[in-house]
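In: Pasted the sequence and its predicted model underneath.
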Amino acid sequence: MNKIYKLLLVSVVIATFTSCTYTFPEEEKPTAGSADFTKVVAVGNSLTAGYMNGALYDDGQAASYANIVAQQIKLNGGGDFNQPDINAPDGDFGPSGGVYGRLRLVNPASPAPAPIQPGQAITNYSGDKAALNNFGVPGIRIVDVAFEGYGMGNPYFGRFASDPATATVLGDAIAANGSFIMFWLGGNDVLGYALGGATAPGALTDVAVFDERYKNAIDGLFNNGQKGIIANIPSVNSIPHFTTVPWNAIPMDQATADATNAGFAGFNGGINAYNAGQLPGQTEPPAIKRDTIGFKAGNNGIVITDLTIPDLSAWGIPFSRQATSSDLISLPAGGVLGTLADPMNPASVIGVGVPLGEQYTLIEADQEAIANRIADFNAIILSVVEGSGGDLALLDIYSIFNNIATDGITINGSGMDATISPPSGAFSLDGVHPNQRGAAYLASLFIDTINEAFGANIPNINPNNWPGNALPVMP
């Protein structure tokens, strides 16, 4: 009976499996869609190069969005992606007085970015320059991309240019003969002006010049029917370089406020006389008045230089006012606020007795001029994409950065925001460039956009597998 039972059981099992069907999922095969990923070439500025924490260094290069995207494309049948390796664990932060490395957070009690010492000086690339895929050059503007001999003035290009004395970034990139192009230029045509506190008008590229040079670069790179992706320009208001230091970063107790106000009595007396039309030579009150300077217990507005306010220098009154919530203060200001302009004069506190310099601020008028220029540039970029007949995809970094700055995002349960603060900050300690996790997030957006635009299925990545900013250490 046991033998018969076993035979019946086997028969039932066989019948069960043969009467039901189960279709195993087919293994998804990598496809390029309408794109050709045989050779990926990236052209851009420091963001493309992997510059972060104020320097170009090994880990930053490895985590460049361009490298991450290209490595994922390689899984989908793409070729090698060669970068001009810097071979420097900390890179060259480059302040005067010596070679310093990338920034790191120091002083757990009051964290602040500080460079590593020593760093490593920029050295020439020793690999095969003709085999490069990444033409990301820190500092480059669209007006520089076709400048012959640009490598003589920019060491980041000079180190891997085919000929530093004659080559152009565009020419070397075209010679690489990419089948798929990632292009992200134009940010420095605004950013350099903003980083300098809007004090050098020549650093802000003219719209007509941008239009011509941008379209020439696109025509040159995509001259054989290649497809590719380009990114537009983010707002300076969305990066922590301009949002980390608050406008009211001067704390005081009441006694200190009272003593400081006494020191401004002469200044305020002159301002009040001007507003009343009572300075020598005035015949009536002015149409545009000026504000007095005053302090109270708590946080106070930084005293800044503003050359757009009425000029009272003839009466010995400087271009000084207190910052308001409409002003942006740059990240480097955090290193000078509260220090003495004159070590022998305790009243020369920068941001109080001595106004913070223009190079550290963006007043409202500066911000408006910069925003208008970015809008003009992004309109040109959009027109290039729309006129490409589907050969170009647009990654709208402008909107993405604004969204992160306004609301933050969540990636697989972990938060990310537009700060330099660990663990959620997406930006490196220079406040301009994403850190490794932030760059990986950008790479994931590039991949999503490429897949959607060209019907490809490049496998995406989890940005949380890349590190953000490390916790502060003792200096």
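Out: Great, that's in hand.
In: Over to Thr205. Which of the three states is it?
Out: coil (DSSP: H, G, I helix; E, B strand; the rest coil).
In: What about the closest residue in space to it that isn't next to it in sequence? Give its phi and psi, please.
Out: Once flanking residues are discounted, Thr205 sits nearest to Asp189: 3.7 Å by Cβ to Cβ, 6 or more residues apart in numbering. (C-beta placed from N, C-alpha, C; glycine too.) Per-residue torsions, Asp189: phi -70, psi -10 (degrees, to the nearest 10).
In: Repeat that for Gln322.
Out: Torsion angles, degrees, to the nearest 10, at Gln322: phi -90, psi 140.
In: what does the one 5 residues further on give?
Out: Reported as degrees, to the nearest 10, the phi and psi values for Asp327 are phi -90, psi 150.
In: Also the one 5 residues further on?
Out: With angles defined as degrees, to the nearest 10, Pro332 shows backbone torsions of phi -60, psi -20.
In: for it, what are its contacts?
Out: Tyr360 (Cβ atoms under 8 Å, 6 or more residues apart in numbering).
In: Distance of it relative to Gly357?
Out: In this view, Pro332 and Gly357 are 10 Å apart by Cβ to Cβ, to the nearest Å.
In: same question, Ala198
Out: The spacing between Ala198 and Gly357, counted by Cβ to Cβ, is 12 Å.
In: which one of these two has more residues nearby?
Out: The neighbour count for Ala198 versus Gly357, taken as other Cβ atoms under 10 Å, is higher for Ala198 (20 against 15).
In: Neighbours of the residue nearest to that one when sequence neighbours are not counted, how many?
Out: Closest residue in space to Ala198, ignoring its immediate chain neighbours: Asp366 at 3.8 Å, by Cβ to Cβ, 6+ apart. Other residues lying near Asp366 total 20 when counted by other Cβ under 10 Å.
In: can you map out the helices along the stretch 251-400 of the chain?
Out: Along the stretch 251-400 of the chain, counting by DSSP state H, counting those that start in this stretch, helices occupy 254-263, 265-275, 364-386, 397-407.
In: where's Val99, which helix or strand?
Out: Assigned by DSSP states H and E, Val99 belongs to no helix or strand.
In: shouldn't it be in contact with Gly119?
Out: Yes: the pair Val99 / Gly119 is scored as a contact, 5.0 Å apart, by Cβ atoms under 8 Å.
In: anything in contact with each of those two?
Out: With Cβ under 8 Å, 6+ apart as the test, Val99 and Gly119 both reach Asp92.
In: Who has more neighbours out of those two?
Out: For Val99 versus Gly119, neighbours defined as other Cβ under 10 Å are more numerous around Gly119 (22 against 17).
In: What is the neighbour count of the residue lying closest to that one once chain neighbours are set aside?
Out: Nearest residue to Gly119 in three dimensions, chain neighbours excluded: Gly101, at 2.9 Å (Cβ to Cβ, 6+ apart). A count of neighbours around Gly101, defined by other Cβ under 10 Å, yields 22.
In: which residues does Gly101 contact?
Out: Gly101 makes contact with 55, 57, 88-93, 115-120 under the criterion Cβ under 8 Å, 6+ apart.
In: what's the answer for Leu312, then?
Out: Under the criterion of Cβ under 8 Å, 6+ apart, the neighbours of Leu312 are Gly270, Ile271, Tyr274, Leu279, Arg290, Pro318.
In: now Gly277
Out: When contacts are counted by Cβ under 8 Å, 6+ apart, Gly277 touches Thr283, Glu284, Pro285, Pro286.
In: pLDDT below threshold where in the stretch 51-200 of the chain?
Out: The stretch 51-200 of the chain contains residues with pLDDT under 70 at 95-97.
In: give me that answer again for 80
Out: In the predicted model of the stretch 51-200 of the chain, residues 94-98 satisfy pLDDT under 80.
In: okay, now Pro459: neighbour count?
Out: Neighbour count for Pro459, taken as other Cβ under 10 Å: 12.
In: now it, what's its secondary structure?
Out: Using three-state DSSP, the structure places Pro459 in coil.
In: cool, and Leu170?
Out: With three-state DSSP as the basis, the three-state label of Leu170 is helix.
In: same thing with the one 4 residues further on?
Out: Under the three-state scheme (three-state DSSP), Ile174 adopts helix.
In: which non-adjacent residue is nearest it?
Out: Nearest residue to Ile174 in three dimensions, chain neighbours excluded: Gly220, at 5.3 Å (Cβ to Cβ, 6+ apart).
In: Next one: Pro113 from Leu103, what distance?
Out: As judged by Cβ to Cβ, Pro113 and Leu103 stand 4 Å apart.
In: now swap in Phe210 and tell me
Out: Applying Cβ to Cβ, the value for Phe210 to Leu103 is 30 Å.
In: again with Met252
Out: Met252 is 29 Å from Leu103, by Cβ to Cβ.
In: between the two, which one's more packed in?
Out: Using other Cβ under 10 Å, the more surrounded residue of Met252 and Leu103 is Leu103, with 24 against 18.
In: quick one, phi psi at that one?
Out: The phi/psi pair for Leu103 (degrees, to the nearest 10) is phi -80, psi 150.
In: For it, give me its contacts.
Out: If you count contacts by Cβ under 8 Å, 6+ apart, Leu103 has them with Asn53, Gly54, Ala55, Phe93, Pro113, Ala114, Pro115, Ile116, Ser428, Leu429, Asp430.
In: same thing with Ile116?
Out: Asp90, Phe93, Tyr100, Gly101, Arg102, Leu103, Arg104.
In: give me that answer again for 7 Å
Out: Residues near Ile116 by Cβ atoms under 7 Å, 6 or more residues apart in numbering: Asp90, Tyr100, Gly101, Arg102, Arg104.
In: what do you get for Val385?
Out: Neighbouring residues of Val385 by Cβ under 7 Å, 6+ apart: Ile230, Leu392, Leu394.
In: What is the nearest of the residues you listed to Ala314?
Out: Ile230 (51.2 Å; Cβ to Cβ).
In: quick one: secondary structure of that closest one?
Out: Ile230 - assigned by three-state DSSP - is strand.
In: any chance you could read off phi and psi for the closest residue to it other than its chain neighbours?
Out: Closest residue in space to Ile230, ignoring its immediate chain neighbours: Phe183 at 4.4 Å, by Cβ to Cβ, 6+ apart. Phi and psi for Phe183, reported as degrees, to the nearest 10, are phi -130, psi 120.
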